[in-house]
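In: the sequence and its predicted three-dimensional model are supplied below.
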Amino acid sequence: MIHVEIAGETLFTIAGFAVTNSMVGAVLAALLLLLGAWYVTSRSALIPSRMQSLLELPVEWMAGIVEGSTSRWRSYVGLVIALFLMILVANWLGLLPGVGTIGIYHEVDGHEVLTPLVRPAGADLNFTLGLAIITFVVFVWWGVRVNGPVGYLKELVGEPRYMAPLMFPIHLISELSRLVSLSMRLFGNVFAGEVLIATMLALTTATLFVIPLAFFVPAIFLGLELLFGAVQAMVFALLTMTYITMAIAEHGGENAADEDAHGHLDTEPDSHPAASPA
Amino acid sequence: MDSNLAAGLAMIGAIGPGIGLGIGFSKAMEALGRNPEAAGAIFVPYILGLALTEAIGIYCLVVALILIFAGG
């Protein structure tokens, strides 16, 4: 029987503040990112080395996508790229050998239970909810900044004013549901990935007969998790970008320079349907 | 035992997003076949659409996993 904890396990407490193993994972991911940033900025050259190009690749790619969203993209491109890199590194960190397997044994209800020292940060709802709250605050702030506090409330109330008693709660819930869906999506994916790999290991090591499979089957799913980790990081960052874009561009009247709400979808403005051969 | 059954029942909800993802993917491939040059323009909204659809299935999965690992 496999055993996976839903919540991060407490390793030790500092003055009543519980330090969990998922916090260790998040801090490790942040340190890795800092190290990468330090490496790139300390020896960056106009003609990049291989290492520099490799580290610049995800940043440039993400910046290219954000660039097409609105004319004010420079003020939020940093947040989108930071979210992308943080989630990407935190997800991939969880696939390294030793994460989730090296830990301390202690006794619970008569049988020994392993408390891993490091747990992938994304497999803890506190981490994903924290990131989602950052996104939520930022896109509400942009909505208030672009439309003004009154304009933002008017937007929540909706257009036919007499429908307000019905539409205001719906709009409010739809804003808040973004918080839930953003955090739950990331948590569900990463946690399900952990359970999936644990299940595959448990299945292939259940009897002596299938032991040779234990070398191949989990490896396939580890490869799959590599892909999912990148996709989920991208999805979180792109949804953050989309929410900010919608907050900025919903009232295009006063910002004629901005594109409409769906303007960010055209990353290649020169590919019009008219250009396709008849 | 009851919570395991409940977890299995919760995963019935993954049927809907499964069909939805299939429709989304097939339409994206159709669009790509009609206009291969639009691959870059299709990619971002396609991934976002899949993520939003998939979220529903993920809710079911989270409920099922909580039932198994934290339920009574």
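Out: Perfect, I can see it now.
In: hang on, A:Leu93 packs against A:Arg119?
Out: No - A:Leu93 lies out of contact with A:Arg119 (Cβ atoms under 8 Å); the separation is 9.9 Å. Heads up, the C-betas are built off the backbone N, CA and C, glycines and all.
In: overlap of the contact sets of the two?
Out: The contact sets of A:Leu93 and A:Arg119 overlap at A:Gly25, A:Val99 (Cβ atoms under 8 Å, 6 or more residues apart in numbering or on different chains).
In: of those two, which one has the most company?
Out: More crowded of A:Leu93 and A:Arg119, by other Cβ atoms under 10 Å in any protein chain shown: A:Arg119, with 28 against 20.
In: and that one, how far from chain B?
Out: Going from A:Arg119 to chain B by Cβ to the nearest Cβ, to the nearest Å gives 14 Å.
In: residue contacts, that residue?
Out: A:Gly8, A:Glu9, A:Thr20, A:Asn21, A:Ser22, A:Val24, A:Gly25, A:Gly94, A:Val99, A:Gly100.
In: setting the sequence-adjacent residues aside, check what's closest to the residue in the stretch 1-150 of chain A that chain B sits nearest to.
Out: Among all residues of the stretch 1-150 of chain A, A:Ile6 sits closest to chain B, at 4.8 Å; criterion: Cβ to the nearest Cβ. Nearest-residue entry for A:Ile6: B:Ala70, 4.8 Å, with adjacent residues in sequence omitted and distances by Cβ to Cβ, 6 or more residues apart in numbering or on different chains.
In: can you report how many residues neighbour the one you found?
Out: Neighbour tally, B:Ala70, other Cβ under 10 Å: 12.
In: picking that back up, quick one, what contacts the residue of the stretch 1-150 of chain A closest to chain B?
Out: By Cβ under 8 Å, 6+ apart, the contact set of A:Ile6 is A:Phe191, B:Leu65, B:Ile66, B:Phe69, B:Ala70.
In: same question, A:Val108
Out: Taking Cβ under 8 Å, 6+ apart as the contact definition, A:Val108 lies against nothing.
In: about what we covered before: in helices only, show me the contacts of A:Arg119.
Out: Among the contacts of A:Arg119, the members falling in helices are A:Asn21, A:Ser22, A:Val24, A:Gly25 (criterion: DSSP state H).
In: tell me the pLDDT of residue 72.
Out: Just going to use chain A. We have a pLDDT of 85 for A:Arg72.
In: correction: the question concerned chain B.
Out: pLDDT, B:Gly72: 57.
In: which helices and strands sit right next to the strand or helix carrying A:Ile220?
Out: Assigned by DSSP states H and E, A:Ile220 falls within helix A:217-249. Applying 3 or more Cβ pairs under 8 Å, 6 or more residues apart in numbering or on different chains; DSSP states H and E, we find helix A:217-249 packed against helix A:50-67, helix A:77-93, helix A:125-157, helix A:164-204, helix B:39-69.
In: quick one: which of those is nearest A:Trp38?
Out: Of all those, helix A:50-67 sits nearest to A:Trp38, with 10.8 Å by Cβ to Cβ.
In: I'd like the average pLDDT over that closest one.
Out: 86.
In: now do the buried residues in that helix.
Out: If you call a residue buried by 16 or more other Cβ atoms under 10 Å in any protein chain shown, then helix A:50-67 has these buried ones: A:Gln52, A:Leu55, A:Pro58, A:Val59, A:Met62, A:Ala63, A:Ile65, A:Val66.
In: fine by me, thanks again.
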